[in-house]
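Asker: Sharing a model prediction with you, sequence too.
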Amino acid sequence: MGRVKFIIFYLLAGKAAAYTQALIDPSSEIPMIGASGAIAGVLGGYLLLHPKANVNVFCGLLFL
């Protein structure tokens, strides 16, 4: 894919996630912070390109 195409795809996925959140709840006063929508979009794109690939995810828990 290359760096430039990946950055463009990442930014478009983030923008799509922001628009989707705004469409679902336009009166929300909660700010959109973080990159979870863009990361989900990248993982979704990877799933479409490589449907039989295994994706290992580490979800660490932090307790204070």
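Answerer: Sure, I can see it.

Asker: in the protein, what spans have low per-residue confidence?
Answerer: 62-64 (pLDDT under 70).

Asker: Where do the strands of it begin and end?
Answerer: Taking DSSP state E, the chain contains no strands at all.

Asker: Wait, G45 touches Y10, no?
Answerer: No: in this structure G45 lies outside contact range of Y10 using CB atoms under 8 Å: 9.4 Å. Backbone N, C-alpha and C define where each C-beta goes, glycine included.

Asker: dump the residue contacts of Y10.
Answerer: Each residue near Y10 by CB atoms under 8 Å, 6 or more residues apart in numbering is listed here: A38, G41, V42.

Asker: if we go to 10 Å?
Answerer: Applying CB atoms under 10 Å, 6 or more residues apart in numbering to Y10 gives the contacts A35, A38, I39, G41, V42, G45.

Asker: same question, A40
Answerer: Applying CB under 10 Å, 6+ apart to A40 gives the contacts A13, G14, A16, A17.

Asker: Show the contacting residues for the first one.
Answerer: By CB under 10 Å, 6+ apart, the residues touching A13 are A35, G37, A38, I39, A40, G41, V42, L43, G44, G45.
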